[in-house]
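[1] Show me the folded form of this:
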Amino acid sequence: MTGYDSGLGAQEMSAIQGPAYGSDFDRGTWVSEPSRRVQARRSHLEMVMDILAVVKAGSEKPTQIMYKANLSWVALQMHLKQLLERGLLRWAPDGERKRYELTVRGAAVMYAYAKIVEEMGEDASTFLGSG
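    You can find the predicted model right below:
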């Protein structure tokens with residue numbers, strides 16, 4: 001006997017072994033079933049709302065915001081730039097550093113988001129806070 005015979009046909013072995021070498025899977029374009037896809041922990045909107053909530057709660061400096069919103073430095077910088085451009089945050093000089101503040105428009109967006117979250121049956125108290 002020169003080799004191991006599993007007793008399975010070529011089709012069954014292919015199914016067990018997965019896509020062949022050199023297939024689209026190896027090039028990173030293979031898509032699995034939707035139930036097996038890895039999803040991001042938070043959506044873009046959730047990250048933005050976390051940043052706004054952290055700033056509203058009193059964190060004003062970028063490093064504080066980064067840690068409390070649980071973001072990387074690169075992701076934080078991207079989101080802060082968008083929030084400034086959209087008028088949801090503003091920055092004020094604080095010596096040689098930047099200090100971020102929630103704008104009236106940012107507070108209105110937080111309130112609207114919290115209302116949607118409540119309508120969906122979730123707890124929105126972290127977004128509404130006090131005041």
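[2] Show me the shaky parts of the protein.
    Scanning the chain for pLDDT under 70 picks out 1-40, 125-131.
[3] got the residue ranges for the strands in it?
    Counting by DSSP state E, the chain has strands at residues 89-94, 97-102.
[4] Out of the ones you listed, which gets nearest to residue 70?
    Judged by C-beta to C-beta, the one of the strands of the chain that comes nearest to residue 70 is strand 97-102, at 16.6 Å. The C-beta positions use only the backbone N, C-alpha and C, and glycine is treated the same way.
[5] Give the pairing partners of the closest one; include direction for each.
    Strand 97-102 has the following strand partners under DSSP bridges: strand 89-94 (antiparallel).
[6] And the biggest helix by length in the chain, what's buried?
    Longest helix in the chain by number of residues, with DSSP state H as the criterion: helix 104-119. Neighbour-count burial for helix 104-119, counted by 16 or more other C-beta atoms under 10 Å, picks out 106, 109, 110, 113, 114, 117.
[7] With stretch 66-77 instead?
    Using 16+ other C-beta under 10 Å as the test for burial, stretch 66-77 gives 66, 68, 69, 71, 76.
[8] Pick out the most distant pair among those residues.
    So, the buried residues of stretch 66-77 by C-beta to C-beta: farthest apart are 68 and 76, at 10.5 Å.
[9] I'd say residue 92 and residue 101 touch.
    Yes - if you go by C-beta atoms under 8 Å, residue 92 and residue 101 touch, sitting 6.1 Å apart.
[10] what touches both of the two?
    With C-beta atoms under 8 Å, 6 or more residues apart in numbering applied, the contact sets of residue 92 and residue 101 do not overlap.
[11] ok, those two, which is more surrounded?
    Neighbour comparison, residue 92 and residue 101: the larger count goes to residue 101, with 12 against 9 (by other C-beta atoms under 10 Å).
[12] what sits against the more buried one?
    Residues in contact with residue 101 (C-beta under 8 Å, 6+ apart) are 55, 60, 89, 90, 91, 92.
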